[in-house]
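Colleague: Generate a structure from the sequence data that follows.
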Amino acid sequence: MQRIYGYRMTTTSGGNLSLREENGDIWITPARVDKGSLRREDIVCVHPDGIVDGIRLPSSELPLHQKIYGRRPDIRGIVHAHPVALVAFSMAHEVPDTRVFHQAWHVCRNAAFAAYELPGSDALGDTVGSVFARGHDSVILENHGVVTAGFSLQEAFHRFETLEFTGKTIIKASLLGEIRYLTEREISLAQQRQKPLPEYERQPPSSAEKELRNVLAEFIRRAYRQRLFISTQGSFSARLGATSFLITPYELDRGAAEPADLVLVHDHHSEASRTPSRAAVMHDAIYRRHPGVGAIVNAYPVNATAFSMTAVPLDTRTIPESYVVVRRVGRAPYGLQFEDADAVAARIEPATPALLLENDGVLVTGATVLEAYDRLEVLESTAEALINCRAIGELAPMPDSAIRELAVAFGLPD
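Modeller: Numbering: from 1, shown residues only. All right, here's what the predicted structure looks like:
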């Protein structure tokens, strides 16, 4: 709940979470308690016989949770909240199409829609429960918000956050132009990536590796805090040596990354018994081709990702910082990152250190972890300013004379 409230995905009085234990006990957030100051002891336990344990009353939406659990024995965690983008969809009586991203489809599948009923009523629980009974795990509530569920509370949260990210990005992309959605074949392509890296038995870590682990883990968490990553999406790697790098593991919760979680890749092999991000093959190809690259980020910031869903170019000739830090932004067609890592690496150049990966966010490189992260932040700020500019008037980019002046003053590569 701290995450949900902290990232403005619900309000002080809105939203409720629950989890169900094997014995049928339901632990649920309380009614009428400030979500910004919730404490462990505020959580209420409701037993199968209806007896309530706790110092608070259970959420008024307890019937909603009970009805869903009753219809889906496999569900162990539920999130109900009012994030802005999904509330907008609920007001328009629409459902975000998760086919914009392979990962959104993988995490959320087909979201569904439930007709309006009075909040807190048995009727709302019955209506929503029947939708979950049909096999859906994410449901938009008409003029209300969203409910997501999973085999654990963490999985329910991942679905919730991923669906809200999808909704936000669709809204932003619709302001740019026509949105490109993925076909079933393209979605399946992401699940059939190139062969994983072979394994090797590693040696004890050096002091340099330990330090790099600390630095990289902190920047991964920072990327999550700054909403450049979400819990289910984003890969960050850093070069350790000529043929070695550290990278986020597969299916890591990016908001909780620790130094020990990172996976070492050495000489095209991954350390044994660890599964690196599926982007590791692509990162490996980039490091091999570009000795000056010291860090790589695959990220999904809302505004820059919106550009990746349309054919609209991301023009960095907006303010001097954008052009100097980001330079030119290239583009890679969907699927290239899964089928031909070397071809992606070939699109990276000194004057093109960042790429839009069609329907798959952005790829940003830098000489250091800090440079790559800074470039990612500036790229997202630039993308947001470009989208906001459309509400004011037509973009007036910096003239060629100003670009030439910047190139000379900052020694920018051609």
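Colleague: just the helices in the stretch 301-414 of the chain please.
Modeller: Secondary structure of the stretch 301-414 of the chain (DSSP state H, counting those that start in this stretch): helices at 302-308, 320-326, 336-339, 341-346, 369-389, 400-410.
Colleague: Tell me which of those helices is the most buried.
Modeller: Of all the helices of the stretch 301-414 of the chain, helix 302-308 has the most neighbours on average by mean count of other Cβ atoms under 10 Å, namely a mean of 27. (Each C-beta comes from the backbone N, C-alpha and C, glycine too.)
Colleague: could you dump that one to CSV, C-alpha only?
Modeller: What follows is helix 302-308, C-alpha atoms only, in CSV (Å, rounded to 0.1, in the frame of the first residue of the first chain):
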residue,chain,number,x,y,z
VAL,A,302,5.8,6.4,-20.1
ASN,A,303,6.4,9.3,-22.5
ALA,A,304,9.4,7.9,-24.4
THR,A,305,7.6,4.5,-24.6
ALA,A,306,4.6,6.2,-26.1
PHE,A,307,6.8,7.3,-29.0
SER,A,308,7.9,3.7,-29.5
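Colleague: quick one: contacts of it?
Modeller: 165, 168-169, 172-173, 175-176, 227, 313-314, 356-362, 379-380, 382-384, 386-387 (Cβ atoms under 8 Å, 6 or more residues apart in numbering).
Colleague: Go through those residues and flag which are in strands.
Modeller: In strands, judged by DSSP state E, the following of those are found: 356-357, 362.
Colleague: Can you say which of the residues you listed are buried?
Modeller: 356-357, 362 (16 or more other Cβ atoms under 10 Å).
Colleague: Serialize these to CSV and add fields for distance to Gln191 and pLDDT.
Modeller: Output for those, formatted as CSV (distance: Cβ to Cβ, whole Å; pLDDT from 0 to 100):
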residue, distance to Gln191, pLDDT
Leu356, 22, 98
Leu357, 16, 98
Val362, 21, 98
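Colleague: Could you work out the end-to-end span of stretch 5-17 for me?
Modeller: Its start and end residues considered, stretch 5-17 measures 12 Å (Cα to Cα, to the nearest Å).
Colleague: So which residues lie in contact with that stretch, not counting its own?
Modeller: For stretch 5-17, contacts defined as Cβ under 8 Å, 6+ apart pick out 1, 4, 28-29, 32, 34-36, 38, 59, 61, 65, 77-84, 145, 153, 156, 160-161, 164, 227.
Colleague: mind redoing it with 6 Å?
Modeller: 1, 4, 29, 34-36, 59, 61, 79-83 (Cβ atoms under 6 Å, 6 or more residues apart in numbering).
Colleague: Tell me where the model's unsure across the protein.
Modeller: 193-194 (pLDDT under 70).
Colleague: In this structure, which residue is most central in space?
Modeller: Ile230 (2.9 Å; Cα atoms, centre = their mean).
Colleague: ok, back up a step: with distance to Glu211 added, can I get the ones in strands among the contacts of helix 302-308 in TSV?
Modeller: Shown next, in TSV, are the ones in strands among the contacts of helix 302-308 (distance: Cβ to Cβ, whole Å):
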residue	distance to Glu211
Leu356	32
Leu357	30
Val362	27
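Colleague: I'd like to know which of those residues is nearest to Arg375.
Modeller: Val362 (9.9 Å; Cβ to Cβ).
Colleague: Name all residues that make contact with that closest one.
Modeller: Counting by Cβ under 6 Å, 6+ apart, Val362 makes contact with 299, 304, 356.
Colleague: Can you give me the distance of Thr148 to Ala85?
Modeller: 14 Å (Cβ to Cβ, to the nearest Å).
Colleague: For these two, indicate the residue with more neighbours.
Modeller: Under the criterion of other Cβ atoms under 10 Å, the comparison of Thr148 against Ala85 puts Thr148 first, with 28 against 21.
Colleague: Show me what that one is bridged to.
Modeller: On the basis of DSSP bridges, Thr148 is bridged to Val79, Ser138.
Colleague: That one contacts Val139, correct?
Modeller: No. Counting by Cβ atoms under 6 Å, Thr148 stays clear of Val139, with 7.6 Å between them.
Colleague: what residues are shared contacts of the two?
Modeller: In contact with both Thr148 and Val139: no residue, using Cβ under 6 Å, 6+ apart.
Colleague: Give me the buried positions along the helix or strand hosting Glu186.
Modeller: Using DSSP states H and E, Glu186 maps to helix 184-190. For helix 184-190, the neighbour count (16+ other Cβ under 10 Å) marks 186-187, 189-190 as buried.
Colleague: Check which helices and strands it sits against.
Modeller: helix 102-108 (3 or more Cβ pairs under 6 Å, 6 or more residues apart in numbering; DSSP states H and E).
Colleague: Tell me the first helix or strand C-terminal of the helix it packs on.
Modeller: Heading C-terminal from helix 102-108 (DSSP H and E), you reach strand 112-114.
Colleague: next one: that next one to chain centre, how far?
Modeller: In terms of Cα atoms, centre = their mean, to the nearest Å, the centre of strand 112-114 is set 23 Å apart from its chain centre.
Colleague: Tell me the buried residues in that strand?
Modeller: For strand 112-114, burial by neighbour count (16+ other Cβ under 10 Å) applies to 112, 114.
Colleague: how far does stretch 379-397 stretch from start to finish?
Modeller: 16 Å.
Colleague: Buried ones only from the contacts of stretch 5-17, please, as a ChimeraX command.
Modeller: ChimeraX command restricting the contacts of stretch 5-17 to the buried ones, with burial defined by 16+ other Cβ under 10 Å:
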select :1,4,29,35,59,61,79,80,81,82,83
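Colleague: Okay, and which of the contacts of stretch 5-17 map to strands?
Modeller: 79-81.
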